[in-house]
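> For reference, the sequence and a predicted model appear below.
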Amino acid sequence: MLDYIVPLLLLTASLLALRKKENTYDLLLTGAADGLKLLLSITPALIFLLTAVSMLRASGAVELISSFLAPVFGFFGIPPETAILILVRPLSGSAALAVGADLMAQHGPDSLIGRTVAVMLGSTETTFYTISVYFGAAGIKKTRYTIPAALIADFTGFLVASLTVRMFFR
Amino acid sequence: MVMSWIWTGILAISVVCAMFLGRGQQLSAAVLSGAQSGITLTLSIAGSICLWTGVGKLMEHAGITKKLARLMRPLLVRVFPSAKTDDILSQRLSANLSANILGLGNAATPMGIQAAQRLADPNKPGLATDELCRLIVLNTASIQLIPGNVAAVRASLGAGAPFDILPAVWVTSVCSVAVGLTAALLMGKVWRNA
């Protein structure tokens, strides 16, 4: 059923617009042209964000920092093995999925760690990607408390993921 | 300014770590490959971004976003008081939130950005207003109901029931969104606009 969400959404929107005697196809084209402008406005931010992320990963900093942070996370009840995922998750969605899949394969998808990893991936977003895209497109220079608030939400997610998995799967 | 500090900080950490671990070669290769992957990512999302801005425009004219906005209004105006008087804003916000809930990330992004552009205060260009901060916090925390690709990875690794993590995901999402929004509300009271 999930497979039909998008196609049915397209069909319904087109039918409803036609019934209102709107120029359906023309609207799609103008909208898509707006999309191109939007892409242009977010591309510079993406180039430099991904440059920074790629340098950080190549330098080995992620592994180094996560080995320092693992005991700290352990103190909060977060499995230390997931430290590297927690570091990568806010920076890059595809890298996080790769790291997560690797951890799940290593420990088994139905293990405590495997499930914690899955819940972490499923309940958080690529925070820095989102922030740089939104700020870039809306031309925001003074970000005020957005980043700390977003990171607090992320950390809550990682913490609660470890707790819920421990509670729901014994 | 914050982004400048983050950028410089990441560079400094990378250079120091690479020197320490002797990974200069990988580091310098990563500079160009990272920039290139920015373009690759832009191109790889280009089709679906344009598709969804097109469909978004269509839904606007077909009256779908208006119905959606009316449905979500009671919840929406609590977090975004401006949506009370601004119809277009409330339509864009509700489209962004419902796309996020359905897990259509590439549809949520353009609608969210259009909402963000509308939330930006024309009298104070470049300033993230309280509501804009809240919108971004909502989008950086996940409110997706069914995390499809995580379940797909679990299935491919032979999990007994790939979707058995859903209740834990929901509880976790609700907690992180609630804490994030509360943090934003509290900090909005303390953090004066510069």
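Noted; the coordinates are in hand. Numbering: from 1, shown residues only, chains lettered A, B, ... in the order given.
> hey, let's count contacts and neighbours off CA atoms from now on
Fine.
> Determine the longest helix present in chain B.
Within chain B, and with DSSP state H defining each element, the longest helix by residue count is helix B:24-62.
> Please apply the same query to chain A.
For chain A, the longest helix by residue count, based on DSSP H, is helix A:24-58.
> Pull out the buried positions in the longest helix of chain B.
For helix B:24-62, the neighbour count (16 or more other CA atoms under 10 Å in any protein chain shown) marks B:24, B:26-27, B:30-39, B:42, B:46, B:48-62 as buried.
> so after it, what's the next helix or strand?
Moving toward the C-terminus from helix B:24-62, the next helix or strand (DSSP states H and E) is helix B:64-79.
> How about that following helix and chain A, any contact?
Yes - Helix B:64-79 reaches chain A (CA under 8 Å from any CA of the partner chain) through B:I64.
> Report the inter-axis angle for that helix versus helix B:24-62.
For helix B:64-79 and helix B:24-62, the angle between their directions (axes from the mean of the first three to the mean of the last three CA atoms, to 10 degrees) works out to 110 degrees.
> so where's chain A uncertain?
A:1-2 (pLDDT under 70).
> how close does the residue lying farthest from the centre of it get to B:S176?
Here the centre of chain A is the reference, and by CA atoms, centre = their mean the most remote residue is A:K21, at 39.0 Å. Distance of A:K21 to B:S176, computed by CA to CA, to the nearest Å: 44 Å.
> same check, this time on A:S132
If you go by CA to CA, the gap between A:S132 and B:S176 works out to 20 Å.
> Just give me the residue closest to the centre of chain B.
B:N139 (3.2 Å).
> so who does the nearest residue to that residue once chain neighbours are set aside touch?
Leaving aside its sequence neighbours, B:N139 sits nearest to A:T130 (CA to CA, 6 or more residues apart in numbering or on different chains; 7.1 Å). By CA atoms under 8 Å, 6 or more residues apart in numbering or on different chains, the residues touching A:T130 are B:136, B:139-140.
> Out of the residues you listed, name the ones that lie in helices.
Using DSSP H, the contacts of A:T130 in helices are B:136, B:139-140.
> Let me know the closest of the residues you listed to chain A.
For the ones in helices among the contacts of A:T130, the closest approach to chain A (CA to the nearest CA) belongs to B:T140, at 4.8 Å.
> neighbours of the closest one, just the number please.
Taking other CA atoms under 10 Å in any protein chain shown as the criterion, the count of residues near B:T140 is 27.
> That one and A:F128: what is the separation?
In terms of CA to CA, B:T140 sits 8 Å off from A:F128.
> Ramachandran angles for A:T124?
phi -130, psi 170 (degrees, to the nearest 10).
> Do I have it right that B:L51 meets A:A32?
Yes - between B:L51 and A:A32 there is a contact under CA atoms under 8 Å: 6.0 Å.
> pLDDT below threshold where in chain B?
Using pLDDT under 70, chain B drops low at B:193-194.
> For A:M104, give me its contacts.
Listed by CA under 8 Å, 6+ apart, the contact partners of A:M104 are A:113-115, A:117-118, B:154, B:157.
> what would the residues you listed look like in JSON lines with neighbour count?
Putting these into JSON lines (neighbours: other CA atoms under 10 Å in any protein chain shown) gives the following:
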{"residue": "A:I113", "neighbour count": "23"}
{"residue": "A:G114", "neighbour count": "23"}
{"residue": "A:R115", "neighbour count": "27"}
{"residue": "A:V117", "neighbour count": "29"}
{"residue": "A:A118", "neighbour count": "30"}
{"residue": "B:R154", "neighbour count": "25"}
{"residue": "B:L157", "neighbour count": "17"}
